[in-house]
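only the shape, not the letters, is given here:
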């Protein structure tokens, strides 16, 4: 069985400062991992995905994530937060079959 | 390019009334299709998925049902809504195949906000 834990339900940063959204996973397989972003009352948009290639994955809007197998983590980072980054972020783990687990989400607030 | 549409965008329905939400995908063939529900302040719950016309799999027992009458059309229905059916309903598609492969990323529609009163 798989599971995914987003360690912070809410993260608040100031504009221009770094962003770190933490995600730990558990999987018996070689998982695929995804980060999605959801702005209020909108659908989810794919930020980036890891599928056993390079462990440092670059996504859209300046986000990136590093797959660390030894730590079973897939944390999302951005060097400098922008006001438009304020949204809900979801970490997702998949075993490639019929099991895709969404984290509970992390709400990112960006202060001016 | 591929696009995914959902309608209506918002819906207010009384308890006991029927429901029909529609999702269509353009620009791709034989996609895998998914219905999710997102309750207020919570993550996503997979309700149904489909790998082809008429092929529906349910993840959660409930008073909802899904149908796929055409390759790129996915419908979520209920005969009688409950208060607990309120939420944000999201349709998604991914690259298709004879079975679900969740190594493929999913692309989400804009969602339908359902309020049952």
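That came through fine. Note that the structure is predicted; figures quoted are calculated from it, not measured.

okay, now the sheet partners of the lowest-mean-pLDDT helix or strand in chain A, with direction.
Of all helical and strand segments in chain A, the minimum by mean pLDDT, DSSP states H and E falls on strand A:100-102, at a mean of 86. If you go by DSSP bridges, strand A:100-102 pairs up with strand A:87-94 (antiparallel).

can you give me phi and psi for the residue nearest the centre of chain B?
The centroid of chain B falls nearest to residue B:35 when counting by C-alpha atoms, centre = their mean (2.7 Å). Dihedral angles of residue B:35 (phi, psi; degrees, to the nearest 10) stand at phi -120, psi 130.

for the least confident helix or strand of chain A, the distance to its chain's centre please.
Offset of strand A:100-102 from its chain centre (C-alpha atoms, centre = their mean, to the nearest Å): 12 Å.

sorry, back to before: beta partners for the residue nearest to the centre of chain B?
In beta-bridge terms (that is, DSSP bridges), residue B:35 pairs with residue B:48, residue B:91.

quick one: contacts for it?
Counting by C-beta atoms under 8 Å, 6 or more residues apart in numbering or on different chains, residue B:35 makes contact with B:23, B:46-49, B:66, B:74, B:76, B:89-91. Bear in mind the C-beta positions are built from the backbone N, C-alpha and C, glycine included.

show me the contact partners of the helix or strand harbouring residue B:114.
Per DSSP states H and E, residue B:114 falls inside strand B:112-116. Outside strand B:112-116, the residues that touch it by C-beta under 8 Å, 6+ apart are A:41, B:6-15, B:19, B:21, B:81-89.

cool, and stretch B:16-28?
With C-beta under 8 Å, 6+ apart, stretch B:16-28 has contacts from B:1-8, B:11, B:13, B:31, B:33, B:35, B:64, B:72-81, B:85, B:89, B:91, B:93, B:95-96, B:109, B:112, B:114.
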